[in-house]
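Enquirer: make a model of this:
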Amino acid sequence: MKYRVIIQPRALADLEAGFEYVALQNQPAAARWLSRFLSAIDGLADLPERCSIARESELVGKEIRQLLFGRRPGVWRALFVIESDAVRVLCLRHSARQDVSAEDLPEGL
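Expert: Numbering: from 1, shown residues only. The predicted structure follows:
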C-alpha cells in the first residue's frame with residue numbers, strides 16, 4: 001500500500017529552521033540537506049512501519065513513529081503518525097534537542 005505523505009505546518013517550520021541553520025554555515029550544503037531530507041520524508045509513502053516507535057508515544061497514548069535522518073552528530077528525527085491511507089509528519093527535531101512535549105504536538109492526536 002502506498003501512503004499519502006502530509007507534512008504538517010509545524011514540520012514545515014521545523015524544516016525551514018533547520019535549513020536556515022545549516023545555510024549559516026554552508027549554503028550549498030543546506031540545499032543538499034533539504035533535498036535529501038525531503039526525499040527521506042517522501043520515502044515514508046512506502047512502508048512507514050519500518051520506522052521505530054518514538055518515545056513521545058507514551059505522552060499522547062497514540063503510536064508516534066520516528067524517521068531518523070542524517071549522520072552523527074547531525075541526526076534529525078521526523079515524528080509522524082500513520083492514519084489509514086496517510087502518513088502525517090508532525091514535527092522535526094534535531095536529536096541533540098530535548099524530546100517533543102505534548103504541547104508541541106497537534107491537538108487531537
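Enquirer: now the spatially most central residue of the chain, which residues is it bridged with?
Expert: Note on the chain: the residue nearest the mean C-alpha position is A78, at 1.6 Å, using Cα atoms, centre = their mean. Note on A78: beta-bridge partners L67, L92, judged by DSSP bridges.
Enquirer: show me the strands in the chain, by range?
Expert: For the chain, applying DSSP state E gives strands covering 4-7, 52-53, 65-69, 76-83, 86-94.
Enquirer: the helices in this structure, which residues?
Expert: 9-25, 27-42, 57-60 (DSSP state H).
Enquirer: can I get the shortest one in CSV, CA atoms only?
Expert: Pointing back at helix 57-60 there. Provided in CSV are the C-alpha atoms of helix 57-60 (Å, rounded to 0.1, in the frame of the first residue of the first chain):
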residue,chain,number,x,y,z
SER,A,57,4.2,7.9,22.0
GLU,A,58,3.8,7.5,25.8
LEU,A,59,3.0,11.2,26.1
VAL,A,60,-0.1,11.1,24.0
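Enquirer: and stretch 74-88, end to end?
Expert: 23 Å (Cα to Cα, to the nearest Å).
Enquirer: and that stretch, what's buried?
Expert: Neighbour counts over stretch 74-88 (16 or more other Cβ atoms under 10 Å) mark 76-82, 87-88 as buried. Placement of C-beta: from N, CA and C, glycine included.
Enquirer: can I get the residues you listed in CSV with distance to M1?
Expert: Below are the buried residues of stretch 74-88 laid out as CSV (distance: Cβ to Cβ, whole Å):
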residue, distance to M1
W76, 26
R77, 24
A78, 20
L79, 21
F80, 16
V81, 16
I82, 10
V87, 11
R88, 16
